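# Sequence first, predicted model second:
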Amino acid sequence: MEQEQTSRQAAVSQRVSIFDTTLRDGEQSPGCSMNTEEKVRLAHQLEQLRVDVIEAGFPIASSGDFEAVRAIARATKSSTIAALARAVKGDIDRAWEAIRETPRPRIHTFIATSDLHLKYKLKRTRAQVLQDAVQAVRHARSLCNDVEFSCEDASRSDIGFLCEIVEAAIDAGAAIINLPDTVGYSVPSEYGAMFRTVSERVPNIGKAVLSCHCHNDLGLAVANSLAALQNGARQVECTVNGIGERAGNASLEEVVMALKVRGESLQLHSGVATEEIFRTSRLLSSLTGMLVQRNKAIVGANAFAHEAGIHQDGVLKSPITYEIMTPQTVGIRHSVLVLGKHSGRHALKQRYAELGHQLTELELEQAYQRFTALADQKKEVFDEDLESLLEIGLNPSEERFHLVNIHVASGTNVRPTATVELQHLEENFVDSATGDGPVDAAFKAIERITGIEARLTEYSIKSVSLGHDAIGEVFIRIELDGLLFNGRSASTDIITGSVKAYLEALNRALASQRRKNGQQHESVSAKSAASEV
Ligand code: KIV
Ligand code: ZN
């Protein structure tokens, strides 16, 4: 029965082509530039994501852009690779030169069609622009079978002229017609109506695929894209994390997941491997340094996080109460129940169980009272805080490792070396190690002293003041026996700060282990390899 429904649905649901322009419209926005190697890495990931088209760049813009587009064209094989060109012969030749070696090349040529752009920017008449467009498309078609034509600022163009130029471009050989909302001015009803009118009025429209391309100046890029799709567009141009000129482009992950989650109502689907979405988003952020906001739909840190007690209780009973898609669909391992002042006993008990502590009703009640008191003072209560709540009364402070001294040697021709001295139960231990860098060497020296090999899963340094003597705030997360422990420290010396943060995380991990093993009074012995001072 279910299978029957799926195939009936598949028969009417139409495929939408996903045109990713992260490497062109996205990359040209402030703070998002990438070098060739980084662009090729992202292009490989976009192929894993199974986007239909990768717009690799604007080859005439610079020799760097040309090289990057050519490198992407050479390195990829499954997606169509598009290169952008103004409706100018030189641009089109350069674009073709960059993509000619890829199995599926596309030349994407454009010209502005709004009277506003014609008057102030191009200083050309409608007749001249129409002629430029036709010549450009014809020339592009003489080089490449797959040609896309874009009417820049289509949403502010005269609809009669728009239909005229679209018809001429299709006659000249364009197979894809893109009608951008270049300045993010449209609202969904208006943008959708433009697609409907073009579909109805242009006699040869059946020979081309209509494409939408929306900017997010009013925060409507995704809504406008969906309106276009509901009115006949079958290609959507978008970017990972929604990066792009000014407020960005329509976000790929939002469009794709709208098609996935609401596909039945839209009767549309894409071929994207959605479980690659999160990985792609993270890769882009790490390549550009441009992080997404916590509450960003689909890929933000809060997208699958619940804090309100009622929501947490619902999610624990059945995730569909408050989640419209599973985190796994987009490649996120699991949702998170953030523990804060709005959380309830159910979530607290669950988190303790995940940390390996099965609490009795009485223990839970005591922990909950301490938890609410702490949550009133702190925005978020982390795993190590929960461990400490159970530790209260055990006074484990003397069992901590304290930093006594650190010395590092590092430079261009020196193997980074660190010597670390730690105090533990009133004894001092010292050891040295080499590493990939001074911080790595210091962590290895600590590993030698403590005998504990924790996996470093997160490490970040953020400047919290200005100038050369700025204070760096270090955040560290380590994994030990499948559990995560955080450490933080602030220092003007980033190596000392890193070591202190690492020790804080390590001490928390050890406290947790002691509690679990019931060895509160038995100390963790420092490894014999470490020499006592
Ligand atoms: O926003 C826009 O109009 C564009 C075109 C070049 C397609 O990016
Ligand atoms: Zn654009």
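Cool, got the structure. Ligands and ions are numbered 1, 2, ... in the order given.
# Which helix or which strand is home to the residue in the stretch 1-150 of the chain that ligand 1 sits nearest to?
Residue of the stretch 1-150 of the chain nearest ligand 1, by C-beta to the nearest ligand atom: residue 150 (4.0 Å). For every residue, glycine as well, the C-beta is placed using N, CA and C. Using DSSP states H and E, residue 150 maps to strand 147-152.
# Show me how far that strand is from its chain's centre.
28 Å (C-alpha atoms, centre = their mean, to the nearest Å).
# mind checking how far residue 353 is from ligand 1?
Distance check for residue 353 against ligand 1: by C-beta to the nearest ligand atom, to the nearest Å, it reads 51 Å.
# how much space is there between the nearest residue to that residue once chain neighbours are set aside and ligand 1?
Spatial nearest neighbour of residue 353, chain neighbours left out: residue 359 (7.9 Å); criterion: C-beta to C-beta, 6 or more residues apart in numbering. Taking C-beta to the nearest ligand atom as the measure, residue 359 falls 56 Å from ligand 1.
# Next to ligand 1, which bits of the stretch 51-200 of the chain? Give me the list.
Listed as neighbours of ligand 1 in the stretch 51-200 of the chain under the rule C-beta under 6 Å from any ligand atom: 110, 150, 152, 178, 180, 182.
# related to what we said a few turns ago, which strands and helices sit next to the strand holding residue 150?
Strand 147-152 is packed against strand 105-112, helix 126-143, helix 159-172, strand 176-181, strand 209-214, with contacts defined by 3 or more C-beta pairs under 8 Å, 6 or more residues apart in numbering; DSSP states H and E.
# Beta-bridge partners for the closest residue to residue 121 other than its chain neighbours, please?
Computed as C-beta to C-beta, 6+ apart, the closest residue to residue 121 that is not its neighbour in sequence is residue 112, at 6.3 Å. Note on residue 112: beta-bridge partners residue 152, judged by DSSP bridges.
# what residues are up against residue 112?
Contacts for residue 112 (C-beta atoms under 8 Å, 6 or more residues apart in numbering) come out as 118, 121-122, 129, 151-153.
# Save the helices and strands packed on strand 147-152 as a markdown table, and put in mean pLDDT too.
Formatted as a markdown table, those follow (pLDDT from 0 to 100):
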| stretch | mean pLDDT |
| --- | --- |
| strand 105-112 | 98 |
| helix 126-143 | 98 |
| helix 159-172 | 98 |
| strand 176-181 | 98 |
| strand 209-214 | 98 |
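# got a markdown table for those, with distance to residue 258 too?
Compiled in a markdown table, the helices and strands packed on strand 147-152 are given as follows (distance: least, C-beta to C-beta, whole Å):
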| stretch | distance to residue 258 |
| --- | --- |
| strand 105-112 | 24 |
| helix 126-143 | 31 |
| helix 159-172 | 26 |
| strand 176-181 | 17 |
| strand 209-214 | 13 |
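# Nearest to residue 307 among the ones you listed would be which one?
Residue 307 sits nearest to strand 209-214 of all these, at 32.1 Å, using C-beta to C-beta.
# if you look at that closest one, does any of it touch ligand 1?
Yes: under the criterion of C-beta under 6 Å from any ligand atom, ligand 1 is reached by strand 209-214 at residue 213.
# Kindly check the end-to-end length of stretch 205-220 for me.
Start to finish, the residues bounding stretch 205-220 are 26 Å apart (C-alpha to C-alpha, to the nearest Å).
# How far off centre is it?
When C-alpha coordinates are averaged (C-alpha atoms, centre = their mean), stretch 205-220 and its chain have centres 23 Å apart.
# Buried ones in that stretch, by neighbour count?
The neighbour-count check on stretch 205-220 (16 or more other C-beta atoms under 10 Å) flags 205, 208-218, 220 as buried.
# Stretch 420-429 too?
By 16+ other C-beta under 10 Å, the buried positions in stretch 420-429 come out as 420-422, 424, 428-429.
# now stretch 361-377
Quick answer for stretch 361-377 (16+ other C-beta under 10 Å): 364, 367-368, 371, 374-375.
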